[in-house]
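**Student:** Below are the sequence and a predicted model for it; my questions follow.
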Amino acid sequence: MTKRTLSPAKAQSMGALCASSNLRRAARVVTRHYDRALRRTGVTAAQLPILAAIRIGAGGSIADLAHTLELERSGLSRDVSLLNRKGLVRFRTARDKRVQQLELTAKGHRTLAKAYRAWEAAHAALESRLKPNELETHLRQLRRVAQAVKSLSTTR
């Protein structure tokens, strides 16, 4: 085999060891699990952390929210617009008139509470399939991986 092609063994090894590929695959499976649990609430697993972040005050602006959730601003803007059309969030003008702050509507608060209960059940179901504290350990390790990757972009 020439250097212009990749051997099947190396392709298989890359698939097994690639952090990006494996994390994305796991994320899709986990997201489907939470989406099924949230279906009756009217929000998705991707929208739930947005509502929660706005609830705790991280919605000072789209930029602030994007930074908090580590999301691209353009994609987040689309999600927030959808939540706004559903009547779950609203924009209000901040003291700095150039900034639009986000807040939950009354319907948004009720939806978040309902979604939280569905999330709790989905989370408990997932934890029940693992050893005690295993999920917490994995999540801590994932946060460490994310920090390591971030440090790669700041050291170059």
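**Tutor:** Cool, the structure landed.
**Student:** just for the protein, where's the confidence low?
**Tutor:** Segments of the chain classed as low confidence (criterion: pLDDT under 70) are 1-2, 155-156.
**Student:** repeat that with 80
**Tutor:** The model of the chain has pLDDT under 80 over residues 1-3, 59, 94-99, 154-156.
**Student:** What ranges does it have for its strands?
**Tutor:** With DSSP state E as the criterion, the chain has strands at 89-93, 100-104.
**Student:** for Gly108, what are its contacts?
**Tutor:** Contacts here follow CB atoms under 8 Å, 6 or more residues apart in numbering; on that basis Gly108 touches 51, 54, 83, 87-89. For the C-beta atoms, the positions are set from N, CA and C on the backbone; glycine is no exception.
**Student:** if I look at His138, how far off is Gln147?
**Tutor:** 15 Å (CB to CB, to the nearest Å).
**Student:** These two - which one has more neighbours?
**Tutor:** The residue with more neighbours, out of His138 and Gln147 and counting by other CB atoms under 10 Å, is His138; that gives 12 against 9.
**Student:** give me every residue that touches the residue lying closest to Gly42 once chain neighbours are set aside.
**Tutor:** Closest residue to Gly42 in three dimensions, ignoring its sequence neighbours and counting by CB to CB, 6 or more residues apart in numbering: Thr111, at 6.1 Å. When contacts are counted by CB under 8 Å, 6+ apart, Thr111 is found next to 41-43, 51, 88.
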